[in-house]
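Undergrad: based on what follows, work out the 3D shape:
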Amino acid sequence: MVSHELKCIFVHIPKVAGTSIKSLFEGHSASESEHDPMPFKPNDSKFDPPPPHLRATDHLKFGHVTASQFDTYFKFAFVRNPWDRIVSEYVYRRYPSRFDFKTFLFERLPRPAWSDEYCHIIPQYDFVHDEAGHLVVDFVGRFESIAADFSAVKERLGLTRLSMPHRNRSSDSMTIYGPADFVRQVGYMISRRRRRNTYSNYRDYYDSESRAFVAELYEKDIRAFKYSFE
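TA: Below is the predicted model of the structure:
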């Protein structure tokens, strides 16, 4: 998301309160530009659309800002504990009604593509670093300390009077595509299987094997942002 009025670029990393943060900029719609991606065409080698969730450098690559704007605008993002984030994605997609968490990790992770599902599991490192590994945003806040960290962002942008609503929670979101999906989702909400596969704390989803798998999958995130399982 780019706001030319505020001279800032928000890099929306999926499952890190991005919907809540973006809602604060609705009052700046005259200058805010939200770039909807074009349909993905994997068989067209000349077609290079923006991904569903833009990395920092994509704003420059696809011409949403000039090089001068990219260099001078305030660029910020928020990151989240990788073990927690992948659990949030699992719950957000309503997968617990279909398969358990280990099946999701070892058998059902989305394959590389510019799809919304795949963009939701891309390492957070890739959103805020360029191909040479340089951090290209000015501020990286944490989901775990979002109130304090976003207060710093609001102060930087002169938005200190605004408060951030919490939208798009994984635990209470519901995606409905048709009657069959509605029936499945309602069944999910009350099923014994859902109670067995959803827990109040992300740590409860893991055993030693799945914990090590996520550690390897998000090694760059863990190293760059200094996260641990606990």
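Undergrad: elements contacting the longest strand seen in the chain?
TA: Looking across the chain with DSSP state E, the single longest strand is strand 74-79. Using 3 or more C-beta pairs under 8 Å, 6 or more residues apart in numbering; DSSP states H and E as the contact criterion, the elements in contact with strand 74-79 are strand 8-11, helix 124-128, strand 139-142, helix 146-157. The way it works is simple: take the backbone N, C-alpha and C, and place the C-beta from them, glycine included.
Undergrad: deepest-packed of these, please.
TA: strand 8-11 (a mean of 24; mean count of other C-beta atoms under 10 Å).
Undergrad: what about the helices in the chain?
TA: Assigned by DSSP state H, the chain shows helices spanning 18-23, 56-61, 67-72, 82-92, 101-107, 116-119, 124-128, 146-157, 179-190, 192-197, 208-217, 219-225.
Undergrad: who does the last one touch, helix- and strand-wise?
TA: Same thing as helix 219-225. So helix 219-225, by 3+ C-beta pairs under 8 Å, 6+ apart, packs with helix 124-128.
Undergrad: show me where pLDDT drops low in the protein?
TA: Scanning the chain for pLDDT under 70 picks out the ranges 24-49, 162-197.
Undergrad: including distance to Arg93, could the helices and strands packed on strand 74-79 go into CSV?
TA: Output for these, formatted as CSV (distance: least, C-beta to C-beta, whole Å):
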stretch, distance to Arg93
strand 8-11, 22
helix 124-128, 18
strand 139-142, 23
helix 146-157, 22
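Undergrad: for the closest residue to Val11 other than its chain neighbours, grab the count of nearby residues.
TA: Using C-beta to C-beta, 6 or more residues apart in numbering and skipping the chain neighbours, the partner closest in space to Val11 is Ala77 (3.9 Å). Neighbourhood size, Ala77 [other C-beta atoms under 10 Å]: 23.
Undergrad: partners of Ala77 in the sheet?
TA: Val11, Val140 (DSSP bridges).
Undergrad: got a list of what it touches?
TA: By C-beta atoms under 8 Å, 6 or more residues apart in numbering, the contact set of Ala77 is 10-13, 16, 56, 124, 127-128, 137, 139-141.
Undergrad: how about Ser151?
TA: Contacts of Ser151 by C-beta under 8 Å, 6+ apart are Thr160.
Undergrad: quick check: the gap between it and Ser68.
TA: The gap separating Ser151 from Ser68 is 29 Å, by C-beta to C-beta, to the nearest Å.
Undergrad: same check, this time on Thr57
TA: For Thr57 relative to Ser68 (C-beta to C-beta), the value is 15 Å.
Undergrad: so those two - more neighbours on which side?
TA: Set Thr57 next to Ser68 and count neighbours by other C-beta under 10 Å: Thr57 wins out with 18 against 8.
Undergrad: name the nearest residue to the more buried one, sequence neighbours excluded.
TA: Closest to Thr57 by C-beta to C-beta, 6+ apart is Asp130, at 5.3 Å.
Undergrad: any idea how many residues pack against that neighbour?
TA: 13.
Undergrad: report how many residues lie close to the closest residue to Phe101 other than its chain neighbours.
TA: Excluding its sequence neighbours, the residue lying closest to Phe101 (C-beta to C-beta, 6+ apart) is Tyr205, at 4.6 Å. Using other C-beta under 10 Å, Tyr205 is surrounded by 24 other residues.
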